[in-house]
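Student: what follows is a protein structure lacking sequence information:
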């Protein structure tokens with residue numbers, strides 16, 4: 001019985017460590033990483049899997065992009081919000 005509790009505790013620690021390791025991975029903010037989303041943002045076509053993975057990867061950078069006047073006009077659009085929602089990445093409130 002004690003062995004099973006030890007195994008459960010060990011699993012919990014491993015999960016916490018893995019989660020912490022993933023959180024600490026730094027994201028390089030590069031708007032060009034979102035180039036696979038251009039067709040979905042500028043038309044009504046659905047986003048590709050690559051687009052969705054890039055949006056999720058670049059999510060910590062979206063507020064920075066929204067503060068950039070050049071990028072804001074592309075990112076702060078109804079289609080961009082729709083793409084983000086379709087990809088399961090809520091649009092940030094900056």
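Tutor: That came through, no problem. These figures come from a predicted structure and were not determined experimentally.
Student: contacts for stretch 58-72 next, please.
Tutor: Stretch 58-72 has contacts (Cβ atoms under 8 Å, 6 or more residues apart in numbering) with 27, 29, 30, 31, 33, 34, 75, 76, 89, 91, 92, 94. All C-beta spots, glycine's among them, are computed from the backbone N, C-alpha and C.
Student: hmm, 6 Å instead?
Tutor: With Cβ atoms under 6 Å, 6 or more residues apart in numbering as the test, stretch 58-72 has contacts from 27, 29, 31, 33, 75, 76, 89, 92, 94.
Student: of the residues you listed, closest to residue 82?
Tutor: residue 89 (11.5 Å; Cβ to Cβ).
Student: middle-most residue in the protein, spatially?
Tutor: Centroid-nearest residue in the chain: residue 56, 1.7 Å away (criterion: Cα atoms, centre = their mean).
Student: quick revisit: mind putting the contacts of stretch 58-72 into a markdown table with secondary structure and distance to residue 42?
Tutor: A markdown table is the format used below for those (DSSP: H, G, I helix; E, B strand; the rest coil; distance: Cβ to Cβ, whole Å):
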| residue | secondary structure | distance to residue 42 |
| --- | --- | --- |
| 27 | coil | 24 |
| 29 | coil | 22 |
| 31 | helix | 15 |
| 33 | helix | 17 |
| 75 | helix | 12 |
| 76 | coil | 14 |
| 89 | coil | 18 |
| 92 | coil | 21 |
| 94 | coil | 22 |
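Student: now those: which count as buried?
Tutor: 31, 33, 75, 89 (16 or more other Cβ atoms under 10 Å).
Student: which helices and strands does whichever strand or helix holds residue 82 pack with?
Tutor: Using DSSP states H and E, residue 82 sits within helix 78-86. On a contact count with 3 or more Cβ pairs under 6 Å, 6 or more residues apart in numbering; DSSP states H and E, helix 78-86 meets helix 38-42.
Student: list the buried residues in the helix it packs on.
Tutor: 40, 41.
Student: can you check stretch 83-92 too?
Tutor: So for stretch 83-92, counting by 16+ other Cβ under 10 Å, buried means 83, 84, 87, 89, 91.
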